[in-house]
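Asks: Just a sequence and a predicted model for now, questions to come.
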Amino acid sequence: MSNRRDKGRGYVGKKADSKGRFKGYLTIGYTEEGKPIRIYRTAKTRAELKRLIDALVEEHNRVSNTNDDSTLAQYLETWLGLKEQELKPKSYRNYKRLIHNHLIPRLGKVKLGQLVPLDTQVILRDIAKQHGGRTSNYARSVLLSALNRAVELGIIEKNPLVVVRKVKEEKRQPVIWTAEEMLRFLEVAEKHRLYPLFHLAMATGLRHGELLGLQWDDLDDGQIHVQRSVDDQSGKAVVSTPKTENSKRYVALSEDCLQILAEHRLRQAEEKAYLGESWTETGHIFVSELGTLLLQRNVTRVFKTLKKKASIPNAHIHDLRHMHVSLLIDNNIDPRTVADRIGHADPSFTFKTYSHMIKGKQRKTAIPLKTLIGNPEEDESESEK
């Protein structure tokens with residue numbers, strides 16, 4: 001009797017190993033020598049492991065008719081449908097847009113088994129020429145991930161994109177307003193009902209979606225608990241989890257922020273009382289005039305209008321986050337504290353991201369040596385007083 005586990009069947013281990021982890025696998029085929037080709041998964045609980053293995057089985061069943069003779073378009077559509085289950089809505093929309101707008105039109109008719117590095121390199125350079133290096137490298141990243149999965153599932157032997165290099169990417173530098181420009185913007189924005197949102201953005205460095213995800217219950221003891229985000233999805237505002245696990249954090253608020261939020265809460269209560277049953281209660285701090293969740297694009301539209309009224313340099317709404325970091329750096333706040341405040345896991349990432357600001361700060365450290373050392377005689381005379 002054969003000991004082979006049928007191709008496409010998963011195995012979920014019943015006992016944990018010495019480290020308390022459960023292990024399982026999916027058998028996707030066999031070598032010429034008869035050795036099983038398996039995809040392994042581990043989890044902290046057996047229930048979680050079963051979920052992972054079931055997902056693998058479902059994926060295997062959906063791509064079982066895919067082979068190296070299938071076109072890239074056919075495979076990408078299948079892969080994208082499976083990725084929808086694990087991606088955040090915004091990331092899924094970005095993947096879908098990139099695949100449909102850039103990859104399928106250029107490479108969709110190519111068969112998986114005939115995809116070669118040179119072709120993909122030329123295509124990625126074409127994307128870079130028309131849409132910029134960032135879009136090209138994003139396309140490479142998505143295609144690399146999709147083809148890695150095809151290798152893992154045994155659809156193709158190797159990933160041709162592994163040897164394809166990224167194109168040179170010129171990153172957009174954030175716009176940092178001067179102190180006068182920041183104050184002028186706040187002065188103009190103060191007359192708008194969303195002024196507290198823009199004030200909080202500049203005073204805390206919260207991301208756009210994080211601001212819209214804040215609820216009144218998140219405010220406690222002078223801190224705000226960042227634990228959700230609101231993103232635009234198919235024309236609707238949808239609540240989701242923050243960008244990363246480190247994005248979930250407590251952010252201390254200054255006295256002026258607390259005062260502005262208290263006044264904002266009173267105005268919101270007045271709006272609610274005026275509308276009565278027409279008001280939609282969500283518990284969120286920043287909502288529309290009807291109480292509903294705000295769309296990011298609508299807030300961006302307000303930001304552009306206020307910016308134009310203030311007659312200040314063009315900036316993205318995300319630049320308010322960068323401005324907050326620049327203010328922290330100017331006030332000598334250490335990198336670890338800055339990273340914790342803005343939701344970065346690693347201070348070195350913060351340092352790298354804002355290195356251009358820190359380099360500017362370095363000029364202020366060019367202090368004459370004797371000034372740094374100080375005058376011992378003056379120190380002694382001061383101590384005698």
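Replies: Sure, I can see it. Source: prediction; values computed, not measured.
Asks: What lies in contact with the helix or strand hosting Glu271?
Replies: Per DSSP states H and E, Glu271 falls inside helix 255-275. Applying C-beta atoms under 8 Å, 6 or more residues apart in numbering, the external contacts of helix 255-275 come out as 193, 195-196, 199-200, 203-204, 216, 219, 222, 253, 279, 281, 285, 287, 289-291. (Glycine included, C-beta is placed from N, CA and C.)
Asks: isn't Tyr11 right next to Ile53, touching?
Replies: Yes - in this structure Tyr11 lies within contact range of Ile53 using C-beta atoms under 8 Å: 7.3 Å.
Asks: who's more crowded, the two?
Replies: Ile53 (23 against 15; other C-beta atoms under 10 Å).
Asks: who's in contact with Trp216?
Replies: Taking C-beta under 8 Å, 6+ apart, we find Trp216 in contact with 265, 283-285.
Asks: Wasn't Val325 part of a helix?
Replies: Yes - counting by DSSP: H, G, I helix; E, B strand; the rest coil, Val325 falls inside a helix.
Asks: Tell me if I'm right that it and Gly343 touch.
Replies: No - assessed by C-beta under 8 Å, Val325 is found out of contact with Gly343, at 11.4 Å.
Asks: which ones among the contacts of helix 255-275 are found in helices?
Replies: In this view, the contacts of helix 255-275 that belong to helices under DSSP state H are 195-196, 199-200, 203-204.
Asks: Can you tell me which of these lies closest to Lys243?
Replies: Closest approach between those and Lys243, by C-beta to C-beta: Thr204, at 15.2 Å.
Asks: From Glu210, how far out is the closest one?
Replies: Distance, Thr204 to Glu210, using C-beta to C-beta, to the nearest Å: 9 Å.
Asks: now Val175
Replies: For Val175, the distance to Glu210 (C-beta to C-beta) stands at 20 Å.
Asks: ok, now His100?
Replies: 29 Å.
Asks: on that earlier part again, most neighbours, which of the ones in helices among the contacts of helix 255-275?
Replies: Leu200 leads those on contacts (other C-beta under 10 Å) with 25 neighbours.
Asks: correct me, but that residue touches Leu211?
Replies: Yes - proximity of Leu200 to Leu211 meets the contact threshold set by C-beta under 8 Å, at 6.3 Å.
Asks: mind listing the strands in the stretch 1-150 of the chain by residue range?
Replies: For the stretch 1-150 of the chain, the strands defined by DSSP state E, counting those that start in this stretch cover 10-12, 22-30, 36-43.
Asks: want to try TSV for the ones you listed, with distance to Asp330 and mean pLDDT as columns?
Replies: Output for the strands of the stretch 1-150 of the chain, formatted as TSV (distance: least, C-beta to C-beta, whole Å; pLDDT from 0 to 100):
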stretch	distance to Asp330	mean pLDDT
strand 10-12	55	85
strand 22-30	50	79
strand 36-43	46	80
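Asks: Need those strands in TSV (columns: distance to Val239).
Replies: Shown next, in TSV, are these (distance: least, C-beta to C-beta, whole Å):
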stretch	distance to Val239
strand 10-12	33
strand 22-30	32
strand 36-43	27
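Asks: Point out where this protein drops to low pLDDT.
Replies: 1-8, 28-32, 37, 59-68, 349-385 (pLDDT under 70).
Asks: Spatially central residue in it, please.
Replies: Lys243 (4.2 Å; C-alpha atoms, centre = their mean).
Asks: and it, what is it in contact with?
Replies: 207, 209, 229, 343.
Asks: Surely the first one touches Asp319?
Replies: No - counting by C-beta under 8 Å, Arg207 sits too far from Asp319 to count as a contact (11.8 Å).
Asks: picking that back up, for the residue nearest to the centre of the chain, give me the backbone phi and psi.
Replies: phi -60, psi -50 (degrees, to the nearest 10).
Asks: Distance-wise, check it relative to Phe22.
Replies: Taking C-beta to C-beta, one finds Lys243 at 29 Å from Phe22.
Asks: same check, this time on Lys166
Replies: 37 Å.
Asks: So between those two, which is more surrounded?
Replies: Legend: neighbour count by other C-beta under 10 Å for Lys166 and Phe22, higher for Phe22 (22 against 12).
Asks: Neighbours of the nearest residue to the more buried one once chain neighbours are set aside, how many?
Replies: Spatially, and ignoring its direct neighbours in sequence, Phe22 is nearest to Leu49 (4.4 Å; C-beta to C-beta, 6 or more residues apart in numbering). For Leu49, the neighbour count with other C-beta under 10 Å is 22.
Asks: Contacts only, for Leu49.
Replies: 12-13, 22-24, 41-43.
Asks: Adding distance to Glu77, write the residues you listed out as a markdown table.
Replies: Output for the contacts of Leu49, formatted as a markdown table (distance: C-beta to C-beta, whole Å):
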| residue | distance to Glu77 |
| --- | --- |
| Val12 | 29 |
| Gly13 | 33 |
| Phe22 | 33 |
| Lys23 | 32 |
| Gly24 | 28 |
| Arg41 | 25 |
| Thr42 | 30 |
| Ala43 | 29 |
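Asks: So for stretch 211-219, first residue to last residue, what's the gap.
Replies: 12 Å (C-alpha to C-alpha, to the nearest Å).
Asks: Okay, buried residues for that stretch please.
Replies: 211-215, 218-219 (16 or more other C-beta atoms under 10 Å).
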